[in-house]
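Colleague: quick one: sequence plus predicted model below, questions after.
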Amino acid sequence: MPPKIKTVLEDLPENNDEHAQECSTAILLGRLIDSNHKHEETIPLPKASDIPRFLGPLGDADKVLSHLRRLQQVLRLHGLMTPLDDEDMEEQRRETVIELANNSVECAGMIGWVEQDGRRMEKDGLTTWDEWSAAFKAKAMPSNWEFRESRTLFRLSFHEASSESWRKFDNAVILHRGHLHGSRFYLNNQQLTVFYHAACPERLFLHLV
């Protein structure tokens with residue numbers, strides 16, 4: 001008897017009644033079908049050529065952040081950034097995302113980090129994309145990069161009451177705030193609201209609303 005069927009049979013209650021046996025058979029078939037469907041379902045993977053490669057160098061903030069942006073775009077394009085309802089499939093999705101992220105790192109100075117920290121995060125059943133990218137930035141970015149990035153963010157301002165100017169300002173805020181995700185300078189929603197209010201003069205804000 002195949003192991004899968006044997007395992008399912010062992011879980012069924014012992015009952016010699018004919019009706020009970022029919023019910024048990026139906027339960028068995030249902031479990032086997034569910035099991036087969038779970039094994040058939042797989043997470044769609046992007047082509048290897050679509051995955052960006054981080055070759056370094058370490059300490060180059062522009063290249064690190066650019067790599068994370070491009071990698072996230074590929075993952076989102078293939079639906080890998082969307083959580084799944086099924087627990088098994090969700091864990092497969094999470095692990096796939098971290099595995100692809102680890103495999104995208106080909107910088108010689110990061111190999112040890114990938115093999116130790118990266119693979120641990122891949123298998124721990126907990127690490128999310130945001131947590132992996134924060135850990136990656138902590139290792140690959142130059143020292144004090146959060147301070148320089150936050151200074152760039154806080155220097156942004158809005159001076160012209162037009163939809164185009166607002167869009168440029170808003171996109172710049174989103175970009176630099178995203179760079180700071182996982183750092184101590186990351187703005188929560190309340191802080192972001194205060195920042196927008198301070199960066200946009202009231203006379204211009206009234207033209208937008």
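Modeller: Happy to help now that I have it.
Colleague: okay, and for this structure, where does confidence drop off?
Modeller: 1-41, 161, 202-209 (pLDDT under 70).
Colleague: try 50 this time
Modeller: Across the chain, the ranges flagged by pLDDT under 50 are 1-13, 15, 35-40.
Colleague: just give the nearest non-adjacent residue to the residue most central in space within the chain, would you?
Modeller: Central residue of the chain (Cα atoms, centre = their mean): Trp129, 3.0 Å from the mean position. Among residues not flanking Trp129 along the chain, Val97 sits closest, at 5.3 Å (Cβ to Cβ, 6 or more residues apart in numbering). (C-beta placed from N, C-alpha, C; glycine too.)
Colleague: next: Ala135.
Modeller: Asp117 is the one closest to Ala135 (Cβ to Cβ, 6+ apart), at 6.5 Å.
Colleague: A strand includes that neighbour, no?
Modeller: No. According to DSSP: H, G, I helix; E, B strand; the rest coil, Asp117 belongs to no strand; its state is helix.
Colleague: tell me how far it lies from Asn189.
Modeller: Distance of Asp117 to Asn189, given as Cβ to Cβ, to the nearest Å: 30 Å.
Colleague: over to Tyr196?
Modeller: From Tyr196 across to Asn189, the span is 11 Å (Cβ to Cβ).
Colleague: for Asp130, same thing?
Modeller: Distance, Asp130 to Asn189, using Cβ to Cβ: 15 Å.
Colleague: give me the element the residue nearest to Trp129 is part of.
Modeller: Following DSSP states H and E, one finds Val97 within helix 87-103.
Colleague: tell me the domain boundaries of the protein?
Modeller: The chain resolves into domains spanning 48-140, 144-204 when parsed by the TED database.
Colleague: deepest-packed of the ones you listed, please.
Modeller: domain 48-140 (a mean of 16; mean count of other Cβ atoms under 10 Å).
Colleague: end to end on that one, go ahead and measure it.
Modeller: 23 Å (Cα to Cα, to the nearest Å).
Colleague: what distance separates that domain from the middle of the whole chain?
Modeller: Distance of domain 48-140 from its chain centroid, counting by Cα atoms, centre = their mean, to the nearest Å, is 8 Å.
Colleague: returning to what we had before: now for Tyr196 and Asn189: what residues contact both?
Modeller: With contacts defined as Cβ atoms under 8 Å, 6 or more residues apart in numbering, no residue is shared by Tyr196 and Asn189.
Colleague: circling back: can you pull the contacts of the residue nearest to Trp129?
Modeller: 75, 80-81, 129, 132.
Colleague: which among these gets closest to Gly178?
Modeller: Ranked by distance to Gly178 (Cβ to Cβ), those are led by Trp129 at 12.2 Å.
Colleague: measure the closest one to Arg167 for me?
Modeller: 26 Å.
Colleague: how close does Gly79 sit to Leu180?
Modeller: Counting by Cβ to Cβ - Gly79 and Leu180 are separated by 26 Å.
Colleague: ignore the last one, Val105
Modeller: Taking Cβ to Cβ, one finds Val105 at 21 Å from Leu180.
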